[in-house]
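1. Take this sequence and fold it.
(one chain, ligands or ions: 2)
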Amino acid sequence: MLTVNAYGATSATEPLAPLTVERRDLGPHDVLIDIKFAGICHSDIHTARGEWGATNYPVVPGHEIAGVVAEVGSEVTKHAVGDRVGVGCMVDSCRECENCLKGEEQYCLKGNIGTYNAVGKDGQPTQGGYSTHVVVTEDFVLRIPEGLELDVAAPLLCAGVTLFSPLNHWGAGPGKRVAIIGLGGLGHMGVKIAHAMGAEVTVLSQSLKKQEDGLRLGADHYYATSDPDVFTDLAGSFDLIVNTVSATIDLDAYLGLLAVNGTLVEVGAPEKPMTVAAFSLIPNRRSLAGSMIGGIAETQQMLDFCAEHGLGAEIEVIAADKINEAYDRVVASDVRYRFVVDTSTLG
Ligand code: NAP
Ligand code: ZN
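-> Ligands and ions are numbered 1, 2, ... in the order given. Purely as a prediction, here's the structure:
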């Protein structure tokens, strides 16, 4: 066992604080990663604050991990000491069910094993990336391609793939009108990736405060949803809308923006349920869908795509003792556009 420094939550109401966690001894297929950076995803906040229920404390969040391989188990073939690697939201799955066999481990019929707040195959709680080291089975470790710095690559492991997967699945590309609701961590990667795929991209943000950034990141259009005219002016005008908002929104209003056969994909995961009127879906044969991260092969495909197109996250690197402040800023939509913890500050 390796005892490592970390930063985590001991209850839903206490601020996160320094603590230590145990990393298992390397099995034959395990990789020990020296974590350099860990992104702060809004899911970390939902979990640390118990907003989704059932958090097992203490919890060390962080599922946007970028680092360097420090040691490999005796039978590891995919990674070598010194390789630049990443870990996202999953650290294992059953690998036998039809979804795992299709490369959609995130939809494992037995439940994928989350990077934190889950139980590993060794029966121990999993703990995430706000720590100095992690041990992960080689098949769930991704290669970070040349040309992507580790700090801007870290957020791709969750925010990047969570947008890449639905954009890919629903065919974002030339001739497709794509809207992204919310310009936060997920949303800004959605703008970059959809633009690189060749789609016409619109940002639907609460205000125009980030308009200049949105256009610089690749959006063709930018609207403030605080202006009710937006919902009449843009009615029926998108083929695909991806909702990244971490809070409940008026889905009926946004469904009205879909063209015939259009789909609204929910990736934001608010604490409270949202309602939808039948008559928001019936006209224009609209669909309402959901999407969860992406499979391991798709995550590698996304990293390669981002490297090829020069896409990293827009980040603000912080020391571990600024995590609580960063959480409050994320909740206040005051993030431009992902906080990334420099794990060398964990001591
Ligand atoms: P984030 O950085 O906080 O971004 C969310 C954005 O939503 C904000 O920047 C803000 O954008 C907008 N927003 C926030 N509160 C709002 C409100 N009350 N009304 C309207 N818009 C609001 O969060 P994130 O890390 O991107 O995560 C977003 C959500 O996705 C979270 O719920 C997270 O748990 C979930 N998530 C899901 C998956 C998945 O696999 N499906 C993966 C990762 C995360 P504007 O200021 O531009 O309006
Ligand atoms: Zn995440």
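
2. quick one, what contacts the closest residue to residue 21 other than its chain neighbours?
-> On the basis of Cβ to Cβ, 6 or more residues apart in numbering, the spatially nearest residue to residue 21 that is not a chain neighbour turns out to be residue 127, at 4.4 Å. Yep, even glycine has a C-beta here, placed from its N, CA and C like the rest. By Cβ atoms under 8 Å, 6 or more residues apart in numbering, the contact list for residue 127 reads 6, 8, 21, 59-60, 116, 134.

3. now, which of those lie within strands?
-> Judged by DSSP state E, strands contain the following of the contacts of residue 127: 6, 8, 21, 134.

4. quick one: the third one and residue 62 touch, right?
-> No: between residue 21 and residue 62 there is no contact under Cβ atoms under 8 Å: 11.2 Å.

5. Where does the stretch 51-200 of the chain get nearest to ligand 1, residue-wise?
-> Among all residues of the stretch 51-200 of the chain, residue 184 sits closest to ligand 1, at 1.9 Å; criterion: Cβ to the nearest ligand atom.

6. follow-up on the earlier one: can you check the ones in strands among the contacts of residue 127 and name whichever has the most neighbours?
-> Of the ones in strands among the contacts of residue 127, residue 134 is surrounded by the most neighbours, 30 neighbours in total, counting by other Cβ atoms under 10 Å.

7. mind listing what the residue in the stretch 51-200 of the chain positioned nearest to ligand 2 touches?
-> With Cβ to the ion as the measure, the residue in the stretch 51-200 of the chain that lies nearest ligand 2 is residue 158; the distance is 3.2 Å. In this structure, residue 158 makes contact with 39, 41, 43, 63-64, 88-89, 293, judged by Cβ under 8 Å, 6+ apart.

8. cutoff 10 Å now
-> If you count contacts by Cβ atoms under 10 Å, 6 or more residues apart in numbering, residue 158 has them with 39, 41-44, 62-65, 86-89, 115, 185-186, 189, 293-294, 299, 338.

9. Ok, residue 62 next?
-> For residue 62, the set of contacting residues under the criterion of Cβ under 10 Å, 6+ apart consists of 6-8, 35, 37-41, 44, 87, 115-116, 127-131, 134, 154, 157-158, 323, 341, 343.

10. give me phi/psi at it?
-> In terms of degrees, to the nearest 10, the main-chain angles of residue 62 are phi 110, psi 100.

11. Then residue 106?
-> On the backbone of residue 106 - angles per degrees, to the nearest 10 - the values are phi -70, psi -20.

12. Confirm for me that it is in contact with residue 97.
-> No: with contacts defined as Cβ atoms under 10 Å, residue 106 does not count as touching residue 97, sitting 12.0 Å away.

13. So residue 304 lies in a strand, does it not?
-> No: secondary structure of residue 304, determined by DSSP: H, G, I helix; E, B strand; the rest coil: helix, with no strand assignment.

14. is it true that it touches residue 161?
-> No: applying Cβ under 10 Å as the test, residue 304 and residue 161 come out as separate, 11.8 Å apart.

15. mind listing the strands for the stretch 51-200 of the chain?
-> With DSSP state E, counting those that start in this stretch applied, the stretch 51-200 of the chain shows strands at 65-72, 84-87, 90-92, 113-114, 133-137, 142-143, 177-181, 200-205, listed in chain order.

16. ok, now which ones touch residue 238?
-> Residues in contact with residue 238, defined by Cβ under 10 Å, 6+ apart, are 176-179, 200, 202, 204, 254, 257-259, 262-264.

17. sorry, back to before: so residue 304 and residue 161 - more neighbours on which side?
-> Between residue 304 and residue 161, counted using other Cβ under 10 Å, the more crowded position is residue 161 (29 against 14).

18. Look up the closest residue to that one, ignoring the ones flanking it.
-> residue 294 (4.0 Å).

19. hang on, the earlier thing: same list, the strands of the stretch 51-200 of the chain, but as a markdown table with mean pLDDT please.
-> As requested, the strands of the stretch 51-200 of the chain are arranged in a markdown table below (pLDDT from 0 to 100):
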| stretch | mean pLDDT |
| --- | --- |
| strand 65-72 | 98 |
| strand 84-87 | 98 |
| strand 90-92 | 98 |
| strand 113-114 | 98 |
| strand 133-137 | 98 |
| strand 142-143 | 98 |
| strand 177-181 | 99 |
| strand 200-205 | 98 |
